[in-house]
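*Asks:* Sequence and predicted structure, then a few things I'm wondering about:
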Amino acid sequence: MPPKRRPISVEWAKSLVGLSMKVPDYWWDGCKGYRLHDGVIDSYCPISQRWNLLLDTKEDDALYLMAYDAIYKYADFNSSTYNEFQLTQHPIRDGDDEIETETKKYYRTEPDEWDEVVIEDDGDDRGGRPIEPLEWEGDEEFTVNITDEEVEMLRDERGEIRFEKVFQWCCPKFGDDNDQTLYEFQAARMRNYMRKRVLENGYKPRYYKGDKVITGDHVARFYGACLCRMIHGGRSIDQIFSRREIMDAVPSIREAMTKACLEDLTTCLHYSDDWDPECGSDWDDIYDDPKVVAATGTAKHRLKHGLLEDGYNKRWQAIVKFGKWITTDESRVGGWYHSCMTIGPEPKPIRTGATIHTVCITTGPLSTFKLFARVYGGQFDEDIPEINDYGKYKMISLYDLMLDPFKHKC
């Protein structure tokens, strides 16, 4: 028989009592609407491993059993008390706060203790686990993973490699077979968002009228315009198309598209179809392109840009071969995720409170020097609230947390 699933931690489960909820009609069996109902988590039932939902209405005082995936999905993150609750991507179960290796058992510390520095009384043990670099023993060089055929595709008719072709080759691919370019993917999201704004907000496009629609080629020109704007100091659209202040104008952008087109594309820039049609309408009845959203369980702060970020990460992994000069490391696990150099020991920090990503120099006098590093806190991405004293970005919060006591003291 398969092993039984460990029960949900009762202590943690009861800590969710009082959490504000916004639950749509369609959560209840037989209902199809999208109207949101305010409620609160009233209690926890350890027998069913579910929580009781109480609605904020005098007409309905019934309790509705709710599984954790629904609580995580429908929690009111706009509530003033939202960050007081520990909402993780998956429920915390008995035993999640400890892990045993061959030589020692580790216990997960509470988030409010992560900034403590423990120093033993004997003066020899300065606290914490030792971290030493594991040397890279391979012989591969840091190279680009590209075939001879792909190199030829980057050349023009004179045999010279063109920047715009390299740029496009580095862009992510989408679709089940990676057959959709970034520009085509982006155009579909922007077409959907423009339709939404027209129907729900009364937006009136200045360029995309009648049969004109956003295409992949338009998005490619838009990306070029964005790069050109950065080179010219981020000038406004009015400055770019100015006919009075000739020194402000950017001729290359003006030749690529009209002012009205650039305004429409800028206004409708979008990366995910992260909304539902009004009044419970069917998506396919309103929009020409299918709905594309981030995967279930994606952290809230990544819902809008997660698909694009993941696409670039996958493309980076596909076109780069890490070697002895520059390597990456994730979670202190040797040989994982194109890793050539790592730091230890076990267990994986992602299971004990922190995950570290680094880009390192791995040979020569500067070996082990970190070119870039970021640290995620908690067992799951949501264990550190998005709003905290150290900034909203989880990738820096732990560094600020740990180093704050030592600022201005060296």
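*Replies:* Everything's here; your move.

*Asks:* what bits of the stretch 301-410 of the chain have low per-residue confidence?
*Replies:* Applying pLDDT under 70 to the stretch 301-410 of the chain picks out residues 322-410.

*Asks:* Return stretch 30-50 as CSV; C-alpha atoms alone will do.
*Replies:* The C-alpha trace of stretch 30-50 is given here as CSV (Å, rounded to 0.1, in the frame of the first residue of the first chain):
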residue,chain,number,x,y,z
GLY,A,30,-24.3,24.4,-9.5
CYS,A,31,-23.4,28.1,-9.6
LYS,A,32,-21.8,29.8,-12.6
GLY,A,33,-21.5,33.5,-11.8
TYR,A,34,-18.5,35.6,-11.1
ARG,A,35,-19.8,37.7,-8.3
LEU,A,36,-17.5,37.8,-5.3
HIS,A,37,-18.7,37.0,-1.8
ASP,A,38,-16.9,38.4,1.3
GLY,A,39,-16.2,35.9,4.0
VAL,A,40,-13.8,34.8,6.7
ILE,A,41,-12.2,31.5,7.8
ASP,A,42,-14.1,30.6,10.9
SER,A,43,-12.5,27.4,12.1
TYR,A,44,-10.5,24.3,11.1
CYS,A,45,-11.7,20.7,11.0
PRO,A,46,-8.8,18.3,11.6
ILE,A,47,-10.9,15.3,10.7
SER,A,48,-11.7,16.5,7.1
GLN,A,49,-8.5,18.5,6.9
ARG,A,50,-10.5,21.5,5.7
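
*Asks:* What are the buried residues along stretch 35-53?
*Replies:* For stretch 35-53, the neighbour count (16 or more other Cβ atoms under 10 Å) marks 37, 39, 40, 41, 44, 49, 50, 51, 52, 53 as buried. C-beta coordinates here come from the backbone N, C-alpha and C atoms, glycine included.

*Asks:* again with stretch 22-31
*Replies:* Applying 16+ other Cβ under 10 Å to stretch 22-31 flags 23, 24, 27 as buried.

*Asks:* Next, check these against the strands and list the overlap.
*Replies:* With strands taken from DSSP state E, the overlap with those comprises 23, 24.

*Asks:* Please convert the buried residues of stretch 22-31 to TSV, extending it with distance to residue 197.
*Replies:* As requested, those are exported to TSV (distance: Cβ to Cβ, whole Å):
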residue	distance to residue 197
23	27
24	23
27	28
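
*Asks:* Farthest-apart pair in the buried residues of stretch 35-53, please.
*Replies:* 37 and 49 (23.1 Å; Cβ to Cβ).

*Asks:* residue boundaries of the strands in the stretch 51-200 of the chain?
*Replies:* In the stretch 51-200 of the chain, the strands defined using DSSP state E, counting those that start in this stretch lie at 63-66, 98-100, 105-107, 133-134, 143-144, 173-174, 180-181.

*Asks:* Flag whichever of these has the least confidence on average.
*Replies:* Lowest mean pLDDT within these: strand 133-134, at a mean of 48.

*Asks:* ok so residue 40 is a strand residue?
*Replies:* Yes - per DSSP: H, G, I helix; E, B strand; the rest coil, residue 40 lies within a strand segment.

*Asks:* which one of the buried residues of stretch 35-53 sits closest to residue 266?
*Replies:* Residue 266 has its nearest neighbour among the buried residues of stretch 35-53 in residue 37, at 37.0 Å by Cβ to Cβ.

*Asks:* so what does the helix or strand hosting that closest one touch, helix or strand wise?
*Replies:* Following DSSP states H and E, one finds residue 37 within strand 36-45. Applying 3 or more Cβ pairs under 8 Å, 6 or more residues apart in numbering; DSSP states H and E, one finds that strand 36-45 contacts helix 10-14, strand 20-24, strand 50-55, strand 63-66.

*Asks:* which one of these lies closest to residue 307?
*Replies:* Of those, nearest to residue 307 by Cβ to Cβ is strand 20-24, at 23.2 Å.
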